[in-house]
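>>> Task: produce atomic coordinates for the following.
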Amino acid sequence: MSQEPPVLLTVRDAAERLNVTPRTLKYYEERGLVTPTRSEGRYRLYDENDLERFGRILRLRSLGFSLHGIMEMLKRPLEPGEGGRNRYSTESLQEIRNALTQQASALDARIEAMRRELKEAQTLKSELSHDLDYVERRLAGENADTLLKQRREAHAKRALKKSKTRDEPA
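Below you'll find the predicted structure:
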């Protein structure tokens with residue numbers, strides 16, 4: 001009994017069969033979700049397993065899952081379930097949950113770091129606006145000594161306001 005070689009589809013044929021663009025298939029390959037075989041001429045060739053995997057990816061995307069979440073899910077095997085449909089085991093789902101929770105925590109830490117950086121940038125911008133105002137007023141012909149005196153007074157007011165805010169109970 002001889003086994004026939006698997007049917008291999010080109011990017012265009014696979015995309016047509018899945019009702020997506022060839023670029024979509026290439027994008028998922030670039031993201032490491034699928035690794036098609038290559039012809040001698042280095043053309044991508046997709047077999048039935050690749051098409052099934054793409055089908056899973058497309059279904060999960062249509063349900064709103066992120067690519068990171070899909071990558072975690074694809075690492076876990078499916079098991080036969082009710083009605084002939086394959087499902088994740090409870091253990092696989094727990095592993096997926098743990099991996100996604102870690103990713104969410106890492107993103108929370110990044111968001112917090114970005115908030116701190118944004119606050120620092122806003123503070124610097126505020127300081128620059130005072131410097132810019134001084135330079136523009138000097139260019140407009142105002143007296144340097146008068147402007148410097150105003151800057152010192154404004155700086156003292158801001159420092160006093162800042163210290164009062166810190167001293168107030170939360």
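
>>> So what's the gap between the longest helix seen in the chain and the chain middle?
Longest helix in the chain by number of residues (criterion: DSSP state H): helix 90-139. Its chain's C-alpha centre and that of helix 90-139 lie 14 Å apart, by C-alpha atoms, centre = their mean, to the nearest Å.

>>> How about stretch 17-35?
Stretch 17-35 sits 19 Å away from the centroid of its parent chain (C-alpha atoms, centre = their mean).

>>> Determine how far the last residue of it lies from the first.
Taking C-alpha to C-alpha, to the nearest Å, stretch 17-35 runs 18 Å from one end to the other.

>>> returning to that earlier point: other SSEs contacting the longest helix of the chain?
helix 67-74, helix 144-167 (3 or more C-beta pairs under 8 Å, 6 or more residues apart in numbering; DSSP states H and E). In this view, the C-beta of every residue, glycine as well, is placed from N, C-alpha and C.

>>> got the CA coordinates for the shortest one in PDB?
Output for helix 67-74, consisting of C-alpha atoms alone and laid out as PDB, is shown next (Å, rounded to 0.1, in the frame of the first residue of the first chain):
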ATOM      1  CA  LEU A  67      -1.600  37.000  18.600                       C
ATOM      2  CA  HIS A  68       0.200  36.500  21.900                       C
ATOM      3  CA  GLY A  69      -2.700  34.600  23.300                       C
ATOM      4  CA  ILE A  70      -3.000  32.600  20.200                       C
ATOM      5  CA  MET A  71       0.700  31.700  20.300                       C
ATOM      6  CA  GLU A  72       0.200  30.400  23.800                       C
ATOM      7  CA  MET A  73      -2.800  28.400  22.800                       C
ATOM      8  CA  LEU A  74      -1.000  26.900  19.800                       C
END
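
>>> before we move on, the earlier item: by how many degrees do the longest helix of the chain and helix 67-74 diverge?
If you take axes from the mean of the first three to the mean of the last three C-alpha atoms, to 10 degrees, helix 90-139 sits at 160 degrees to helix 67-74.

>>> Any chance of TSV for the helices and strands packed on helix 90-139, columns distance to E40 and mean pLDDT?
Shown next, in TSV, are the helices and strands packed on helix 90-139 (distance: least, C-beta to C-beta, whole Å; pLDDT from 0 to 100):
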stretch	distance to E40	mean pLDDT
helix 67-74	28	84
helix 144-167	71	84
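
>>> so can I have CSV of those helices showing mean neighbour count and distance to N98?
CSV is the format used below for these (neighbours: other C-beta atoms under 10 Å; distance: least, C-beta to C-beta, whole Å):
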stretch, mean neighbour count, distance to N98
helix 67-74, 18, 9
helix 144-167, 10, 41
